[in-house]
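A.B. asks: coords please:
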Amino acid sequence: MKYFLLITLFVFSVWADVFKVYTEQNPPYNYIDEGKVSGISTTLVETLFSQCGHQVSENTIQLLPWARAYHEVLNEKNTMLYSMARSPEREALFQWVGPIGKMTLAIIAKKSTQLNVSSPTILHRYKIGTIPDTASEKALLSLGFRTDELDRFANVSSQFKKLKENRIDAIAFSVEGAFSLLKEMGCNALDYEVVYVLKESDLYFAFHKDTNQKTITAMNETLKTLIK
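C.D. replies: Just a heads-up that it's a prediction; the model follows:
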């Protein structure tokens, strides 16, 4: 009986977590569909939390601009953001559960603009739209871009509208997400192309850095049974 009580208390201490969960508009991984947060990663979050006994605060995943959600998870305990590209500069800032998939980060432009990018230095010639603090923007910064060279705005839809209306030359975003969003906007995907691949990244669930390590370990073990 004594050992049973100890085990019960241990399990409760590991599993009884309630998290504020955040995401962004980046289909097919996470996006709003008829007022509800949906997507491949969202389904995985819901399944993982259910199997591990965790709860989402107020049973609601919040879709926010990336920079705001990123700031929340950096600074507030019991928070999680998905789907995040894991990178060396972010490594110590979060606790990681995954990988849950892969994402290709690239520069996407209209074919009609005929951008010929044979090297990253040529990218400096163009007006490129970015979402602040995203992996795509950070990849550009690592190539020597300054933030004042970029067209930075937190609203994803507005940035893609600028691309559609030729107010920017290109946009830095995930390939999968970019073409999904363009289709949602009624654009012909065949009118757009990848002109330069920035990098490929593994995607993760990123938790606040002070999240219980036992919880992170247990979630990673459970995730292995969900992703085969």
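A.B. asks: show me the strands in the chain, by range?
C.D. replies: 18-23, 31-33, 36-38, 55-56, 62-63, 79-85, 94-110, 128-130, 151-152, 170-174, 192-208 (DSSP state E).
A.B. asks: so what strands line up beside the fifth one?
C.D. replies: Okay, so that is strand 62-63. The pairing partners recorded for strand 62-63 under DSSP bridges are strand 18-23 (parallel).
A.B. asks: kindly export the strand it pairs with (C-alpha atoms) in PDB.
C.D. replies: The C-alpha coordinates for strand 18-23 follow below in PDB (Å, rounded to 0.1, in the frame of the first residue of the first chain):
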ATOM      1  CA  VAL A  18      -2.000  22.600 -17.200                       C
ATOM      2  CA  PHE A  19      -0.400  24.500 -20.000                       C
ATOM      3  CA  LYS A  20      -1.200  27.600 -22.000                       C
ATOM      4  CA  VAL A  21      -0.700  26.500 -25.500                       C
ATOM      5  CA  TYR A  22       0.100  28.900 -28.400                       C
ATOM      6  CA  THR A  23       0.500  28.500 -32.100                       C
END
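A.B. asks: which of the residues in it are buried?
C.D. replies: Residues of strand 18-23 classed as buried: 19-23 (neighbour count, 16 or more other C-beta atoms under 10 Å). For every residue, glycine as well, the C-beta is placed using N, CA and C.
A.B. asks: redo the strands of the chain as JSON lines? Include distance to Lys228 and mean pLDDT.
C.D. replies: Listed next are the strands of the chain as JSON lines, based on distance: least, C-beta to C-beta, whole Å; pLDDT from 0 to 100:
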{"stretch": "strand 18-23", "distance to Lys228": "24", "mean pLDDT": "98"}
{"stretch": "strand 31-33", "distance to Lys228": "25", "mean pLDDT": "93"}
{"stretch": "strand 36-38", "distance to Lys228": "22", "mean pLDDT": "96"}
{"stretch": "strand 55-56", "distance to Lys228": "24", "mean pLDDT": "96"}
{"stretch": "strand 62-63", "distance to Lys228": "28", "mean pLDDT": "97"}
{"stretch": "strand 79-85", "distance to Lys228": "19", "mean pLDDT": "97"}
{"stretch": "strand 94-110", "distance to Lys228": "13", "mean pLDDT": "97"}
{"stretch": "strand 128-130", "distance to Lys228": "35", "mean pLDDT": "98"}
{"stretch": "strand 151-152", "distance to Lys228": "39", "mean pLDDT": "98"}
{"stretch": "strand 170-174", "distance to Lys228": "24", "mean pLDDT": "98"}
{"stretch": "strand 192-208", "distance to Lys228": "17", "mean pLDDT": "97"}
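A.B. asks: thinking again about what came up before, now, among the buried residues of strand 18-23, which is nearest to Ala172?
C.D. replies: Checking the buried residues of strand 18-23 against Ala172 by C-beta to C-beta gives Thr23 as the nearest, at 19.2 Å.
A.B. asks: who's in contact with stretch 126-142?
C.D. replies: 65-67, 70, 84-85, 87, 89, 103, 105-107, 109, 115, 123, 145, 147, 149-154, 156, 159, 162-163, 168-174, 198-199, 201 (C-beta atoms under 8 Å, 6 or more residues apart in numbering).
A.B. asks: oops, could you answer that again for stretch 215-228 instead?
C.D. replies: Residues contacting stretch 215-228 (C-beta under 8 Å, 6+ apart): 14-15, 17, 44, 47-48, 51-52, 54, 95-98, 100, 205, 207.
A.B. asks: give me that answer again for 6 Å
C.D. replies: 14, 17, 51-52, 95, 97 (C-beta atoms under 6 Å, 6 or more residues apart in numbering).
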